[in-house]
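Q: Provide a 3D model corresponding to the input given below.
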Amino acid sequence: MVRCLSLAFSTLVRTTLISPLAAFAPLFDVMPRRSAEVSSFAPTNKPRTTLDEKSKNGEFTRKDAAWRGTISRREGAKFPPEDNRYHLYVAHACPWAHRTVLVRALKGLEQTISITVVHPVWQSTKPQDDKHTGWVFGDPSGESFSNNIGLGGPFPAAFPGNEPDPFQGAKSIRELYEFAGDTDGIYSVPLLWDKKTNTIVSNESSEIIRMLNSEFNEFAKNPELDLYPEDDLNQREAIDAVNQWVYPTINNGVYRCGFAKSQEAYNKAIEELTDSFDRIHEILKKQNFIAGNKLTEADIRLFVTLIRFDEVYAVYFKTNTRSVAGAPSMLEYIRTIYRMKGVAETVNMDQIKAHYYASHPDLNRWSVIPRGPDFIKLLEAADN
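A: Now for the predicted structure:
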């Protein structure tokens, strides 16, 4: 459910139904819902995208992730934790992917889980077949380009750190899904890939971060960090309780505002977001982190939205009733996490802004990227 979707600019909008938060599902050792044993790609669903996910009254809804395999230490697990077996495909721009990169850094798994960062600006994935646009791999030797309707830019063929696919030679994330036999038609990141069996393990960020937190401790440089403590049920309950309201109103709430197709839908989303924003502000006046006084999974999930809030969401998604810079407790909270070892290296505001402002010509025709308040400079500034 919580992952970055690729976008097609179609005139027909399909209706999907929002489903319960996958983060609360138990992490059973299950087979992926799609199998790499499919010999030929025969999708049952036409490629679908973010703006296709809309209800009848114009509300943005988000479909569940389709690939839900689990890396587990249980005996006989299909995907056991192994050093250098798994690979993450991510985008610096995507908050759902950012979750996984952040946990990987905090746990010290950079040498165990390899990573490829895709280009931030969506491009055509199969121009000969359809109008779908989405995540593509960087091409350091390629030519600069404009947005999907030939305007804006030029954008470089690769931003710093964008690399070609190292395993299948794919040109897009879509090609990896098709290689694995996907029939769902949503080509999102993060994508957790098994290099041993050449297939997708999971594209559900809430479950991937729990795997990274608990299943690779024998390889982690920081195994003592437990973001979802197994031996502290009270802490887990607090985390789950926070996730339950932060996800729909903040994490997904910014998208519900930005992709609303009716005033009614926007009004509902912005009211819920504003109420939750104020709730967070008040909570953080009394404690250091959102679910208590120690860093947890709930902070990872909240941080990746708030770090983008002032530079992107307040402008592009019309969430301008509030700002992180204008909420002292929230600003200090984000600054504290940002200054933790390894966190700043996971934040790439240039690619974040390039993605949002340049990937949706129907929302920003000329792909002009606003200068913004330089939120990162504010985080790096000396304490007052």
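
Q: any idea how far residue 210 is from residue 202?
A: Residue 202 sits at a distance of 10 Å from residue 210 (criterion: Cβ to Cβ, to the nearest Å). For the C-beta atoms, the positions are set from N, CA and C on the backbone; glycine is no exception.

Q: Kindly report the same for residue 187.
A: 23 Å.

Q: Which one's more surrounded, these two?
A: residue 187 (26 against 19; other Cβ atoms under 10 Å).

Q: how about the helices in the stretch 151-300 of the chain?
A: Under the criterion DSSP state H, counting those that start in this stretch, helices of the stretch 151-300 of the chain are mapped to 173-179, 205-214, 233-246, 253-258, 263-286, 297-308.

Q: Count residues in the vicinity of residue 194, would you?
A: The tally of other residues near residue 194 (other Cβ under 10 Å) stands at 21.

Q: Poorly predicted segments of this structure, please.
A: 1-56, 60-66, 383-384 (pLDDT under 70).

Q: tell me the SS of the residue most central in space within it?
A: Residue closest to the average C-alpha location in the chain (Cα atoms, centre = their mean): residue 96, at 1.6 Å. Assigned with DSSP: H, G, I helix; E, B strand; the rest coil, residue 96 falls in the helix class.

Q: what do you get for the one 5 residues further on?
A: Per three-state DSSP, the secondary structure class of residue 101 is helix.

Q: Run through the residues that contact the nearest residue to residue 245 once chain neighbours are set aside.
A: In space, and not counting its chain neighbours, residue 245 is closest to residue 276: 6.4 Å by Cβ to Cβ, 6 or more residues apart in numbering. Listed by Cβ atoms under 8 Å, 6 or more residues apart in numbering, the contact set of residue 276 reads 245-246, 249-250, 253.

Q: Out of these, which end up buried?
A: Using 16 or more other Cβ atoms under 10 Å as the burial test, those include 246, 249-250, 253 as buried.

Q: Now distance to residue 269 too, for the residues you listed, in CSV please.
A: Listed next are the buried ones among the contacts of residue 276 as CSV, based on distance: Cβ to Cβ, whole Å:
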residue, distance to residue 269
246, 14
249, 8
250, 11
253, 6
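
Q: rewinding a little: want to throw the contacts of residue 276 into CSV with distance to residue 326?
A: Converted to CSV, the contacts of residue 276 look like this (distance: Cβ to Cβ, whole Å):
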residue, distance to residue 326
245, 22
246, 19
249, 18
250, 16
253, 18
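
Q: Can you tell me which of the residues you listed lies closest to residue 308?
A: For the contacts of residue 276, the closest approach to residue 308 (Cβ to Cβ) belongs to residue 250, at 11.2 Å.

Q: For the closest one, list the residues it contacts.
A: By Cβ under 8 Å, 6+ apart, the contact list for residue 250 reads 273, 276-277, 280, 302, 305-306.

Q: which pair in those spans the largest distance?
A: 273 and 302, at 12.9 Å, using Cβ to Cβ across the contacts of residue 250.

Q: neighbour count winner among those two?
A: Each of residue 273 and residue 302 has its neighbours counted (other Cβ under 10 Å); residue 302 has more, 26 against 23.

Q: Go ahead and confirm that one touches residue 246.
A: Yes: with contact defined as Cβ atoms under 8 Å, residue 302 reaches residue 246; the gap is 5.7 Å.

Q: Check the contact lists of the two and give me the overlap.
A: With contacts taken as Cβ under 8 Å, 6+ apart, residue 302 and residue 246 have 280, 290 as neighbours in common.

Q: Residue 81: which of the contacts of residue 276 is nearest?
A: Using Cβ to Cβ, these come closest to residue 81 at residue 246, 28.3 Å.

Q: Relative to residue 271, how far out is the closest one?
A: Counting by Cβ to Cβ, the gap from residue 246 to residue 271 is 16 Å.

Q: got it, and residue 250?
A: Applying Cβ to Cβ to residue 250 and residue 271 gives a distance of 13 Å.

Q: Same question for residue 156.
A: Counting by Cβ to Cβ - residue 156 and residue 271 are separated by 40 Å.

Q: Same check on residue 139?
A: From residue 139 to residue 271 the distance is 43 Å (Cβ to Cβ).

Q: the more surrounded of these two?
A: Neighbours were counted for residue 139 and for residue 271 using other Cβ under 10 Å; residue 139 has more, 16 against 13.

Q: you'd agree the more buried one is up against residue 155?
A: No: using Cβ under 8 Å, residue 139 is not in contact with residue 155; the gap is 11.7 Å.

Q: if I pick the closest residue to residue 334 other than its chain neighbours, what's in contact with it?
A: The shortest distance from residue 334 to any non-neighbouring residue, by Cβ to Cβ, 6+ apart, is to residue 306 (5.4 Å). Contacts for residue 306 (Cβ under 8 Å, 6+ apart) come out as 250, 324, 330, 333-334.

Q: Please repeat the previous calculation with a cut-off of 10 Å.
A: 95, 250-251, 254, 277, 280, 299, 313, 324, 327, 330-331, 333-334, 337, 375 (Cβ atoms under 10 Å, 6 or more residues apart in numbering).

Q: Let's see if you can find the most crowded of those.
A: residue 324 (27 neighbours).

Q: Can you give me the distance of that one to residue 285?
A: 14 Å.

Q: One more: residue 93?
A: 31 Å.

Q: repeat for residue 225
A: Counting by Cβ to Cβ, the gap from residue 225 to residue 285 is 26 Å.

Q: same check, this time on residue 377
A: Distance from residue 377 to residue 285, by Cβ to Cβ: 24 Å.
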